[in-house]
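# starting from these lines, generate the structure:
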Amino acid sequence: MTYFRSLLTPVYRIVVVVCLSVLGHLFAWGDSTAFDASIREAYQRDPAECVRVCQEYLESEGLSVESRVDALLFQARAHYRLGQRDDVLGCLERIAAVDPHHELDGALHGLIWREYLEVFGPKLMLKPGMSTIAVFDFVNCVPGKERSEWDGIDVLLARKLQAVLASSTTLRSVERERIGHVLKEFEISDLQDPDTQVRVGHLLGAQTMVFSEFSKIEKDIVVMSRIVQTETSEILGTREVVFRGGPAKSLPAIEELASDLAKLLKTELDEAALGANEYEAWVQYGRALDSLRSGSEADAFRRVSSALEIDPGFAQAKTLFENLEGTVWLAEGSAP
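Presented below is the predicted three-dimensional model:
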């Protein structure tokens, strides 16, 4: 019997390969739009090669809008790495021609935010039936020598709040990269002035904005958020949560705060977005996003992998991992 199994094994393998190939063609039949993995590989190896490979791909027949946009985004990022800003704009203009409401994924494409805003403009986020919300970094108001313990958590808390609110089916969250670009580009540092808030809201294409701060009163950490309407700078409402402990205890409180803000905005959150409260996982996730902004996708992939090792149910980290998995070409030349 073992002898016959040894004879059948190669045949079996051939049959499996052929069957899988046939099935693959059946599923792909009539759809020549599958994104070419060689583009991702070329992007990691050599941006000039990526530009060429993208152009060849874009000249193919039968491409879907999604495939065309994906290739143009890779080409735009490759042009950016080559210092060819006019070509970046050209790629984005071609995207706008086929998808005028394309939403840029800040995590993967943050390098080209400036050009993206120039082409698409702030009104991109204004879509029927949706309310666009901008979540700004928290302000650390912890007094005295304890303040340093909370340095850096302002960004982490904003990421957490944004991620939970973005799970709503009626809210669109402005990417943090876009917020950062607008504040830097227009040299805006003081967001307390109502006129400045209105200006920033318009630049971001946001109907509402969330400004938050946290402080310490005796043993309690008090986190307060206020929602401001862009058009009038009117405060639509405020909510606060209180908890005890260090930064690692903060994330469940932010979920509670997000739920209260959602009620104020008359929207519902997706339960799947709740419960990812492992502090170190969020730290690694944040570092992965920072690595992406600096252009190191391989480092971002390693860090988001660490986040998922800590918290396998971390939905936002899963999404980033899946996006990066096909993009990263590791130094040893093997796909992750």
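
# which stretches of the stretch 1-150 of the chain have low pLDDT?
Counting by pLDDT under 70, the ranges of the stretch 1-150 of the chain that qualify are 1-36, 106-110, 122-130.

# quick one: the helices in it?
2-28, 37-45, 47-58, 65-81, 85-98, 106-109, 113-120 (DSSP state H, counting those that start in this stretch).

# what's the burial count for G121?
13 (other CB atoms under 10 Å). C-beta: built from backbone N, CA, C; applies to glycine.

# not counting sequence-adjacent ones, nearest residue to it?
G205 (7.7 Å; CB to CB, 6 or more residues apart in numbering).

# how many residues are close by that neighbour?
22.

# isn't it right up against T132?
Yes - applying CB atoms under 8 Å, one finds G205 in contact with T132, separated by 6.0 Å.

# did I read that right, Q192 in a strand?
No - read with DSSP: H, G, I helix; E, B strand; the rest coil, Q192 is coil and lies in no strand.

# would you mind measuring from it to F136?
11 Å (CB to CB, to the nearest Å).

# between the two, which has more neighbouring residues?
Set Q192 next to F136 and count neighbours by other CB under 10 Å: F136 wins out with 23 against 8.

# what sits closest to that one if chain neighbours are left out?
F211 (5.5 Å).

# who's in contact with that neighbour?
136, 139, 191, 197, 225-226, 228 (CB atoms under 8 Å, 6 or more residues apart in numbering).

# name the SS class of it, please.
strand.

# hey, what's it bridged with?
Beta-bridge pairing for F211 (DSSP bridges): R226.

# ranges for the strands of the stretch 151-300 of the chain?
Remark: strands assigned in the stretch 151-300 of the chain by DSSP state E, counting those that start in this stretch are 171-173, 208-217, 220-229, 235-244.

# okay if I get the ones you listed as JSON lines plus distance to D87?
Output for the strands of the stretch 151-300 of the chain, formatted as JSON lines (distance: least, CB to CB, whole Å):
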{"stretch": "strand 171-173", "distance to D87": "29"}
{"stretch": "strand 208-217", "distance to D87": "34"}
{"stretch": "strand 220-229", "distance to D87": "38"}
{"stretch": "strand 235-244", "distance to D87": "43"}
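
# going by mean pLDDT, which of those strands comes out lowest?
Among the strands of the stretch 151-300 of the chain, strand 171-173 has the lowest mean pLDDT, at a mean of 85.

# quick revisit: pull out the buried members of the contacts of F211.
136, 191, 197, 225-226, 228 (16 or more other CB atoms under 10 Å).
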